[in-house]
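Chemist: Okay, here's the prediction I keep looking at, along with the sequence it came from:
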Amino acid sequence: MKNTFTKSTVAVGFVAALAIMGCQNDFDNIKTESLPISNDQQVAIQGLAQIEKSIVSNFVTATANLYNGVTTFESVTSDTNLGQVQNLWKLARNPWESNESFAFGPVENEGIDGNSDDWPFDITAFASILNSSQVLDQAYVTQMTTTTKGFHAIEYLLFGLDGAKTATDFTARELLMLDLLTSDLNTQANKLNSSWTTGTTNSFYDAYVSAGAGSDLYPTTQAALGDVLGSMVDITDELPNSKIQIPLTLQSSAYLESRFSDYSYYDYLNNLNGVYAAYTGQYGDITTQKNFSSLVVAANPSVNDKAITQFKLCIALMELIQPASMNQAIIIKQDQLKEIVTELQKLNKILDEDVREVLGL
């Protein structure tokens, strides 16, 4: 998802304006009394489902493109084709990391998250598979442990331990494994897409959009909204306190999720932008009629102002991290990252306490 705020000048100006206005101190004093809200919750749920369908559709397309790129690389194993596949891996990563606000339902219950993005990646176990005489086929990949497949196994194959892998470094067995793993990743994407499609067997989409209107899974609209808000709270807790804080404290890129490709920065920015998209109801060319933001405005406008301001501050601070490398930032941008951690923690508190309270979730 494209950022609302551009880099450098706009971000610096926004941060400076906040400091001058002292608005964060004022926001800290806002009372979050619950007010009655309308039945617009059902419309907001429909909008959230449309956002998720769009994210998942992008994920399907991106993983299919990645697999096609791998087959081309297998045919002509050149550095040019390797570079193209590496870029396709990053493009597939974007929608997946934007999807953290929907980390419930099928992505969790059907093993899609684990099969696609378990971390930390077990380099030792993966190397053992590659060095063994085990016959590699799709059936074997299906039963592999989640810490040896998915995004990060593919990333490790494509970029190498230090991010400097070249086409001549690939063995025939690595190329076969790359083919099997990217095919499996696309299978996971299609499985998720099927769950979020109306009319399919056990359609999760149908159960979600009928929340409060006969859904067995979601007897109330509050339950459906609560699942999304809960995921938004979870990722805005994990992002500062684990994804950033641990490698920053230990001063080691070994604890960065996408360290082989040095793509962790964009993972984290996509995490944040994905939560902002769910809150505001804007993703790509989708603008929902009702959303968390409009529901909060109806209940308590000051709380919405507080949330939007904190979102924009966090995004602006993230965009000030240049060069866009978390591998470097944990060493040379420590003060900036500590500030980001603090502000993300504040955002998490706003979502978990203020927004949850005014919406009765």
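Modeler: Ah, there it is.

Chemist: what is the rounded mean pLDDT of stretch 97-117?
Modeler: What stretch 97-117 shows for mean pLDDT is 97.

Chemist: where does this structure have low pLDDT?
Modeler: By pLDDT under 70, the low-scoring segments of the chain are 1-38.

Chemist: Closest to the centroid, which residue in it?
Modeler: Glu97 (2.2 Å; Cα atoms, centre = their mean).

Chemist: which residues does that one contact?
Modeler: Shown in contact with Glu97 (Cβ atoms under 8 Å, 6 or more residues apart in numbering): Tyr266, Asp267, Tyr268, Asn270, Asn271, Gly274. Quick note: C-beta positions are derived from backbone N, CA and C, even for glycine.

Chemist: Just the buried subset of the residues you listed, please.
Modeler: Tyr266, Asp267, Tyr268, Asn270, Asn271, Gly274 (16 or more other Cβ atoms under 10 Å).

Chemist: Not counting residues beside it along the chain, what's closest to the last one?
Modeler: In space, and not counting its chain neighbours, Gly274 is closest to Ser98: 3.7 Å by Cβ to Cβ, 6 or more residues apart in numbering.

Chemist: May I have the phi/psi pair for Leu161?
Modeler: Main-chain dihedrals, Leu161, degrees, to the nearest 10: phi -60, psi -40.

Chemist: for Thr171, that is, sorry about that
Modeler: phi -90, psi 170.

Chemist: how deep is it tucked in, by neighbour count?
Modeler: Per other Cβ atoms under 10 Å, the neighbour tally for Thr171 reads 9.

Chemist: Next: the one 4 residues further on.
Modeler: Applying other Cβ under 10 Å, we find 15 residues neighbouring Leu175.

Chemist: Make sure Thr220 is actually in contact with Ala211.
Modeler: Yes - with contact defined as Cβ atoms under 8 Å, Thr220 reaches Ala211; the gap is 6.8 Å.

Chemist: Looking at those two, which has the bigger crowd around it?
Modeler: A direct count of neighbours by other Cβ under 10 Å for Thr220 and Ala211 places Ala211 higher, at 25 against 13.

Chemist: which residues touch the nearest residue to Leu157 once chain neighbours are set aside?
Modeler: Nearest residue to Leu157, sequence neighbours excluded (Cβ to Cβ, 6+ apart): Leu178, at 5.0 Å. Counting by Cβ under 8 Å, 6+ apart, Leu178 touches Val70, Phe73, Glu74, Ile154, Leu157, Leu158, Phe170.

Chemist: Specify which member of the buried ones among the contacts of Glu97 is nearest to Ile129.
Modeler: Asp267 (25.2 Å; Cβ to Cβ).

Chemist: residues in contact with that closest one?
Modeler: Per Cβ under 8 Å, 6+ apart, neighbours of Asp267: Arg93, Glu97, Lys243, Glu257, Ser258.

Chemist: On the three-state scheme, it is what?
Modeler: helix (DSSP: H, G, I helix; E, B strand; the rest coil).

Chemist: sorry, back to before: of the contacts of Leu178, grab the buried ones for PyMOL.
Modeler: Filtering those down to the buried ones (16+ other Cβ under 10 Å) takes a single PyMOL command:
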select buried, resi 70+73+74+154+157+158+170
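
Chemist: Just the ones in strands from the contacts of Leu178, please.
Modeler: The strands, defined by DSSP state E, take in nothing from the contacts of Leu178.

Chemist: Could you tell me how many residues sit around Thr72?
Modeler: 15.

Chemist: Tell me the spatial nearest neighbour of it, not counting adjacent residues.
Modeler: That would be Asn81: by Cβ to Cβ, 6+ apart, it lies 5.7 Å from Thr72.

Chemist: Keeping just the C-alphas, turn stretch 168-183 into CSV.
Modeler: What follows is stretch 168-183, C-alpha atoms only, in CSV (Å, rounded to 0.1, in the frame of the first residue of the first chain):
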residue,chain,number,x,y,z
THR,A,168,26.4,-19.7,-10.2
ASP,A,169,26.0,-20.5,-6.5
PHE,A,170,22.9,-22.5,-7.0
THR,A,171,23.0,-26.3,-7.1
ALA,A,172,20.4,-28.4,-9.0
ARG,A,173,18.9,-29.5,-5.7
GLU,A,174,18.5,-25.8,-4.6
LEU,A,175,16.8,-25.0,-7.8
LEU,A,176,14.4,-27.9,-7.3
MET,A,177,13.7,-26.9,-3.7
LEU,A,178,13.1,-23.3,-4.8
ASP,A,179,10.5,-24.5,-7.4
LEU,A,180,8.7,-26.6,-4.8
LEU,A,181,8.7,-24.0,-2.1
THR,A,182,7.4,-21.2,-4.3
SER,A,183,4.7,-23.5,-5.7
